[in-house]
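A.B. asks: dropping the sequence and predicted coords here.
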Amino acid sequence: MRNRGFEKLLKVTLLVGIILACILGSYRLVSAVMDRMDASKHADSTETAGSSTVQSGEGDVNASVAGGNPSSNLIKTSAVADSAKNEPDTSKYNVSDNWSLILINVDHPYPEGYLPNVTTVDNGQQTDVRCASELTQMLADCRSAGYDPLVISGYRNHDEQILDFNSMTQMYVSAGYSEEDARAKTAESVAIPGTSEHEAALSVDIGSEHNTAVDSSQDNEAVQEWLHNNCWKYGYVLRYPEGKEDVTKIIYESWHYRYVGVTAAKVMYDENLCLEEYLAKYVEPFTSLEELDRQAMETLGLTYTGQTAAEA
């Protein structure tokens, strides 16, 4: 009986030992696996960091090869920006309308030999064929708005401009002015022959069927208010606006409209610029006044040879 009891105890002890050995072995195995996994993660992290460093270095090398050093890249970026500045803003200056931007004033006579191609538009008056449809539409829309616009004066050739200028001069002489003072006074409202926009067929004087006077009586006419506010939509501007006399050298003429193209007209209207100011701000940095003259002549099939001498 003792022997059997002892044997049974021995078996139990051996079984417990085996179980404990298995548990201990499993623990060690799991620990070893965990340690290996941690080591693997650490190695991956180190490799990734190293790869980033290498890639960063390669990026610097590539940047150096492609564009030089950072300061060189900045110089190139600046050069691109400067190049963009040398190009006109197409929302401000449409080079395709250059012919309509020709400057004609006392300091800049129209080119020698300038002879526009004209057509009759309203009240027997003529204008340049290239802006005739815009003028016709503007007058039609004005009439649809309830007004009665009428073109009082359009294209005048050189001889007609001389006649108008001399006629006004003699009127002042008859009023007691000296010949010199009379001519100076006339030049405030009638352009010296050779410097008149009417001779280029780009300007029209517009009144109304009930008022055809070309004087300050037009200032408060409702038709002028409509035209002042809407002419830019058709490419026209009030050529001699109030407050710009020192620039234009011509008195305020509420009736005198000049075609400059829709792009320029909108800018001049929005920014309250006369033609001289607009050209100085948006055109002359890219295109000289002489080049405008040349292009305007070429579009008419004429050869540019320079400015004509204004009649003194």
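C.D. replies: Cool, the structure landed.

A.B. asks: every contact and neighbour count from this point should use C-alpha atoms.
C.D. replies: Noted.

A.B. asks: secondary structure class for the residue nearest to C231 when sequence neighbours are not counted?
C.D. replies: Leaving aside its chain neighbours, C231 sits nearest to V237 (6.0 Å; criterion: Cα to Cα, 6 or more residues apart in numbering). Following DSSP: H, G, I helix; E, B strand; the rest coil, the label given to V237 is strand.

A.B. asks: quick one: V237 and Y269 touch, right?
C.D. replies: Yes. When contacts are counted by Cα atoms under 8 Å, V237 is listed as touching Y269 (7.3 Å).

A.B. asks: neighbours around the residue nearest to C231, how many?
C.D. replies: Using other Cα atoms under 10 Å, V237 is surrounded by 30 other residues.

A.B. asks: what's the pLDDT at it?
C.D. replies: On pLDDT, V237 comes in at 98.

A.B. asks: how about the helices of the stretch 201-312 of the chain, start to end?
C.D. replies: 222-230, 245-248, 262-271, 275-278, 289-299 (DSSP state H, counting those that start in this stretch).

A.B. asks: need the ones you listed in JSON lines (columns: mean neighbour count, distance to R183 and mean pLDDT).
C.D. replies: Formatted as JSON lines, the helices of the stretch 201-312 of the chain follow (neighbours: other Cα atoms under 10 Å; distance: least, Cα to Cα, whole Å; pLDDT from 0 to 100):
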{"stretch": "helix 222-230", "mean neighbour count": "18", "distance to R183": "28", "mean pLDDT": "98"}
{"stretch": "helix 245-248", "mean neighbour count": "14", "distance to R183": "17", "mean pLDDT": "96"}
{"stretch": "helix 262-271", "mean neighbour count": "20", "distance to R183": "31", "mean pLDDT": "98"}
{"stretch": "helix 275-278", "mean neighbour count": "19", "distance to R183": "23", "mean pLDDT": "98"}
{"stretch": "helix 289-299", "mean neighbour count": "19", "distance to R183": "27", "mean pLDDT": "95"}
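
A.B. asks: closest to S216 out of these?
C.D. replies: helix 222-230 (11.3 Å; Cα to Cα).

A.B. asks: contacting residues around that closest one?
C.D. replies: Residues from elsewhere that reach helix 222-230, judged by Cα atoms under 8 Å, 6 or more residues apart in numbering: 142, 147-149, 207-208, 218, 237-238, 254-255.
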